[in-house]
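# predicted model, plus sequence, below.
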Amino acid sequence: MRIGMNIAPEETSLVIAGAWNAAILTPAWVIKYGLLKDGGTAQVFFPTAPGAIFQAPRFNLGDLSFTVLPNALVLLPSEHKAEHLSFLEEVAARMLSALPHTPVTGVGHNFEYRDHDPSSRYLKVFTDSRQDLADEMPLGWEATAAAVASSFKNASRKALVNIQRQLDGGMITMKFNFHCDVTSVDRAVEVLEGKDGYARMTQNLETAEHLVNTLYGGPQGDQHN
């Protein structure tokens, strides 16, 4: 039996785009205003990939991890469960409420799925996407990877989902980015709390899982054969 398409929990994140000051969002500040605790300790992880010296560290507070970039606040759940995703949104909403004048431009939910041994029947979309190029490539060149990107807006036009499927090294990766444009902290908090028709992180995860299971059979392998 195939292992099938499985979620990569470490790639699940809540991203709030805007202008952020790492000097303010220290672990102590996040513990006090986000986690509502009097104190605690944080583990610090520095990027180790090539060129990572220019990237920001990740702080692990046990219940969540976060990274502060100049243009985004990235929060990651400690576990990939509905209650942990909701907790992430609650913490983010408290942090934003404590910084009401922060310029924010968007709220995003990110999920990623991977199939390390895909069935050949799932490769056609990638073969078709590059066939015109393959037909015209000079002799001696062979295809090694392909990506297919799609975007959809929901009925209310409030949310956009960007879906990227990639075939590389025999593995299919499917990335979801559910994005809502916002122009204020108040609107961002509404998104985080699921008000005014906005979808919570768990709802968007359910949408992603439905698409993955329908197209690829999910973690139980080929369910449509």
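Received the coordinates, thanks.
# low-confidence regions, the chain specifically.
For the chain, the stretches flagged by pLDDT under 70 are 1-3, 48-54, 218-225.
# quick one: the helices in it?
Secondary structure of the chain, counting by DSSP state H: helices at 27-33, 82-98, 124-136, 185-193, 201-216.
# off-centre distance for the fourth one?
Its chain's average C-alpha position is 18 Å from that of helix 185-193, according to Cα atoms, centre = their mean, to the nearest Å.
# list of residues touching that helix?
16, 89-90, 92-93, 96-97, 99-102, 104, 107, 180, 182, 196, 198, 200 (Cβ atoms under 8 Å, 6 or more residues apart in numbering). Any C-beta I mention is one placed from the backbone N, CA and C, and that applies to glycine too.
# quick check on those: which are buried?
16, 89, 92-93, 96, 99, 102, 104, 107, 180, 182, 198, 200 (16 or more other Cβ atoms under 10 Å).
# does residue 82 really touch residue 204, like I thought?
No - between residue 82 and residue 204 there is no contact, the gap being 11.7 Å when judged by Cβ atoms under 8 Å.
# higher neighbour count, the two?
residue 204 (21 against 15; other Cβ atoms under 10 Å).
# just give the nearest non-adjacent residue to the more buried one, would you?
Distance criterion Cβ to Cβ, 6 or more residues apart in numbering; nearest residue to residue 204, sequence neighbours excluded, is residue 178 at 4.3 Å.
# tell me the contacts of that neighbour?
108-110, 159-161, 199, 204, 207-208 are the contacts of residue 178 under Cβ under 8 Å, 6+ apart.
# likewise residue 216?
4-5, 113, 115, 118, 122, 172, 174.
# now those residues in a markdown table, with neighbour count and distance to residue 58?
Putting the contacts of residue 216 into a markdown table (neighbours: other Cβ atoms under 10 Å; distance: Cβ to Cβ, whole Å) gives the following:
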| residue | neighbour count | distance to residue 58 |
| --- | --- | --- |
| 4 | 22 | 29 |
| 5 | 24 | 26 |
| 113 | 25 | 22 |
| 115 | 24 | 27 |
| 118 | 19 | 30 |
| 122 | 17 | 33 |
| 172 | 21 | 27 |
| 174 | 22 | 24 |
